[in-house]
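Trainee: I would like the atomic coordinates for the input below:
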Amino acid sequence: MNEWPSDQSGNRYGRGSGADPEAARAMPQVRRSAGGYPRSEPPLPPQMSPRRGTVPPQSQGYDDFDSYDSGYNTGQVYGDGGGRGHGGDGYDGPGDGYGSRPRPRWGRRIKLTVLTLVALLLIASVATYFWADGKVRREVDLSKVIDRPEAGDGTNYLIVGSDSREGMSAEDKKKLHTGSAEGKRTDSMMILHDGSNGPTLISLPRDSDVEIPSFVGSDSGKKYAGTGRHTKLNAAYAEDGPELLVRTVEFNTKLHIDHYVEIGFAGFANIVDAIGGVEMDIPKGFKDKDSGADFQAGKQTLDGQQALAFVRTRHAFATQDLERTKNQQKFLAALASQTATPGTILNPFKLYPTMGAGLDTLITDKDMSLWDLGQMFFAMKGVTGGEGKSMNMPVSGSNGGNLVWDKAKLQQLVGQLKNDEKVTVSGD
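Mentor: Residues are numbered from 1 along each chain as shown. Here you go, the predicted structure:
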C-alpha cells in the first residue's frame, strides 16, 4: 500500500519539493495512529532545528488536502542533503553553517617524524654498542706485567697478528695454507702510536734479537728472574703468551704499552671477505709455495685467502722478514682505509658482518674499550691518509740470524714518541 499522498496533478512529492534529487529536502514526520492512518507531528522550535534557521520557509505542497498536514512546512531536514555547503554541491565554503575541516599541521608531523627517527637511531646505536662490546674477548691482563716504564704522551698499541688456527676446519687450514701446528705464534708485531702529531706505525720484525727480562708467569704467578738470555722476539710470545711479549717489548724499547690487540688467521681473512676484498697495487709480482702467494704486478682486489698469503709471504724476498713487515703495513693501512667508508659504516648489511668477523677472533687487554678500538682503527687509517708515518724498527745488523736494533736511533725514536713529537727517525 502506498502511504505517500498524491496531489490531483499527479505529483507525488508535492508542489514545494522541486525536481532536484540532490537538493536538501524537508521530510515529513509521519507516525501511524492506532487506526493505521498517518498523523502529523508538531514542528520543532527554530533553535532545535538541525540547520537553525538556514533553510528558508517552504510552501505547503498539499493545499488541496486541508485534512492532511505533510509536515513539509516544518523545515525539518534529514541528513545533509546529499552534500556539504551551499546547495548540497559537496564543497565547503565560508558562511555555509558548517565547520571547515582543520588544515593538516605539517610542522607538527615533521617534528614527530624527526623525533621518531632520532629515537630509533639512538636505540639502534645503543644496541649495536652492547652487541659489539659483548663480542670483544678481553683476555690479556696487563696488570701482571712488572717493572713497567713510565707512560708518556699519546697512546701506544701493540698490535699482534698470530698464526692461531682457532675455529678453523681442516678444509680452511688447507685452503689458507696455514698448516696444522698446535699452539700460537706471532706472525707480525707492530707498535701504533696515536698522538697529537699524527699516528706512527712501527713494525717489529719477528726475528728481532731481544733480551728476555724477569717476568711473572701469566698462569702460575711465579716470578722468573732475568738471566740475560737473548732470543727472537716471537719466542717471547710462544714462551708465556701476550703478557711476556708486552714485558719484553717494554724492556727492550723502554716504551710503555697502553693496549694490546691480537687477531688470528681466520678473523683476518673473514674481515677482508666481509668488506668485499681490499684493493692493492703490487709493484712486483711474486710467488711463495709456503704461503700460497701467486701475484702479478699491478692493481688488484685481494680476497681473504689472497690477503692472508700476501701478509705472510717472506721466502719470496731477499730481505725476508723486513720486506714482509712492509707489506703488512701497506695492507693493514689499505684495509683500514677501505673499511672506514660511508659505504661500509652506513650500510648495516656490510657493517655488521665486518664487525662480527673482526670481533669474533679479536683478543685485547682487559682495559680496552670500544672507544679505544675505534681510536686505534682510525689512527691506522690515518697512516695511509697522509696524516701519519709507517716504518720498520731501525736495524744496525744481525746476530746469529737475528736482527739487531739500532740503539741510537731507537733511543731517539722512543724519546719522540714519549713526548708526542713528530717522528723524524727513519727505519729500514
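Trainee: where in the chain is pLDDT low?
Mentor: 1-100, 163-185, 428 (pLDDT under 70).
Trainee: could you pick out the longest helix of it?
Mentor: Longest helix in the chain, counting residues (DSSP state H): helix 106-135.
Trainee: quick check: the residue lying closest to Ala293 once chain neighbours are set aside vs Ala235, distance?
Mentor: Once flanking residues are discounted, Ala293 sits nearest to Ala309: 4.1 Å by CB to CB, 6 or more residues apart in numbering. (C-beta placed from N, C-alpha, C; glycine too.) Distance, Ala309 to Ala235, using CB to CB, to the nearest Å: 24 Å.
Trainee: next one: Ser143
Mentor: 24 Å.
Trainee: more neighbours: these two, which one.
Mentor: For Ser143 versus Ala235, the count of surrounding residues by other CB atoms under 10 Å is larger for Ala235: 20 against 10.
Trainee: now do the contacts for that one.
Mentor: Residues in contact with Ala235 (CB atoms under 8 Å, 6 or more residues apart in numbering) are Ile212.
Trainee: now do the strands in the stretch 51-200 of the chain.
Mentor: Taking DSSP state E, counting those that start in this stretch to define them, one finds strands in the stretch 51-200 of the chain at 137-140, 155-162, 186-194, 200-203.
Trainee: in the stretch 251-400 of the chain, what residue spans correspond to helices?
Mentor: 265-274, 304-312, 321-339, 342-345, 348-359, 370-384 (DSSP state H, counting those that start in this stretch).
Trainee: okay, the ones you listed in TSV with distance to Asp420 and mean neighbour count next?
Mentor: TSV is the format used below for the helices of the stretch 251-400 of the chain (distance: least, CB to CB, whole Å; neighbours: other CB atoms under 10 Å):
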stretch	distance to Asp420	mean neighbour count
helix 265-274	30	23
helix 304-312	29	22
helix 321-339	21	21
helix 342-345	28	12
helix 348-359	28	17
helix 370-384	13	18
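Trainee: nearest to Glu211, of those helices?
Mentor: helix 321-339 (19.0 Å; CB to CB).
Trainee: pull the closest one out as CSV, backbone CA atoms only.
Mentor: Extracted C-alpha coordinates of helix 321-339, given in CSV (Å, rounded to 0.1, in the frame of the first residue of the first chain):
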residue,chain,number,x,y,z
ASP,A,321,111.1,-10.5,7.3
LEU,A,322,111.9,-6.9,6.6
GLU,A,323,110.0,-6.9,3.3
ARG,A,324,107.2,-8.9,4.8
THR,A,325,106.7,-6.2,7.6
LYS,A,326,106.5,-3.5,4.9
ASN,A,327,103.8,-5.5,3.1
GLN,A,328,101.9,-6.0,6.3
GLN,A,329,101.9,-2.2,7.0
LYS,A,330,100.7,-1.5,3.4
PHE,A,331,97.9,-4.0,3.6
LEU,A,332,96.6,-3.1,7.1
ALA,A,333,96.6,0.6,6.2
ALA,A,334,94.7,-0.1,3.0
LEU,A,335,92.3,-2.4,4.9
ALA,A,336,91.5,0.3,7.5
SER,A,337,91.2,3.0,4.8
GLN,A,338,88.7,0.9,2.7
THR,A,339,86.7,-0.2,5.7
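Trainee: who does that helix touch, helix- and strand-wise?
Mentor: In terms of contacts (3 or more CB pairs under 8 Å, 6 or more residues apart in numbering; DSSP states H and E), helix 321-339 is packed against strand 186-194, strand 200-203, helix 265-274, strand 278-282, helix 304-312, helix 370-384, strand 389-392.
Trainee: next, format those as CSV and append distance to Leu122.
Mentor: Formatted as CSV, the helices and strands packed on helix 321-339 follow (distance: least, CB to CB, whole Å):
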stretch, distance to Leu122
strand 186-194, 28
strand 200-203, 35
helix 265-274, 26
strand 278-282, 32
helix 304-312, 34
helix 370-384, 16
strand 389-392, 37
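Trainee: among these, which is nearest Val126?
Mentor: Comparison of the helices and strands packed on helix 321-339 against Val126 by CB to CB identifies helix 370-384 as nearest, at 12.1 Å.
Trainee: packing partners for that closest one?
Mentor: Using 3+ CB pairs under 8 Å, 6+ apart: helix 370-384 touches helix 106-135, strand 155-162, strand 186-194, strand 200-203, strand 259-263, helix 321-339.
Trainee: residues touching the third one, excluding its own?
Mentor: By that I understand strand 186-194. Against strand 186-194 from outside (CB under 8 Å, 6+ apart): 154-163, 199-204, 206, 233-234, 237-238, 245, 249, 253, 255, 257, 311-312, 324-325, 328-329, 332, 375-376, 379-380, 417.
Trainee: between the helices of the stretch 251-400 of the chain, which gets nearest to Ser426?
Mentor: Comparing the helices of the stretch 251-400 of the chain by CB to CB, helix 321-339 comes nearest, at 13.2 Å.
Trainee: what inclination does that closest one have with respect to strand 278-282?
Mentor: 140 degrees (axes from the mean of the first three to the mean of the last three CA atoms, to 10 degrees).
Trainee: and the contacts of helix 321-339?
Mentor: With contact meaning CB under 8 Å, 6+ apart, helix 321-339 is reached by 161, 188, 190, 201, 203-207, 271-272, 275, 278-280, 302, 307, 310-314, 317, 344, 354, 377-378, 380-381, 383-385, 390, 392, 395, 403, 428.
Trainee: can you tell me how far the nearest residue to Pro353 once chain neighbours are set aside is from Gly267?
Mentor: With sequence-adjacent residues excluded and distances taken as CB to CB, 6+ apart, Pro353 is closest to Ala274, at 4.4 Å. Counting by CB to CB, the gap from Ala274 to Gly267 is 10 Å.
Trainee: what touches both of these two?
Mentor: Both Ala274 and Gly267 are in contact with Ala357, where contact means CB under 8 Å, 6+ apart.
Trainee: how about the helix or strand harbouring Leu410: buried residues?
Mentor: Using DSSP states H and E, Leu410 sits within helix 407-418. Within helix 407-418, the residues that count as buried by 16 or more other CB atoms under 10 Å are Lys409, Leu410, Leu413, Val414, Gln416, Leu417, Lys418.
Trainee: which one of those residues is nearest to Ser369?
Mentor: Among those, Leu417 lies closest to Ser369 (CB to CB), at 22.1 Å.
Trainee: and the closest residue to the closest one other than its chain neighbours, how many neighbours?
Mentor: With CB to CB, 6+ apart as the criterion, Leu417 has its nearest non-adjacent residue at 5.0 Å, and that residue is His193. By the criterion of other CB under 10 Å, His193 has 27 neighbours.
Trainee: let the chain start at 2 from now.
Mentor: Fine by me, first position is 2 from now on; the one you just mentioned is His194.
Trainee: ok, His194 to Val211 distance?
Mentor: The spacing between His194 and Val211, counted by CB to CB, is 19 Å.
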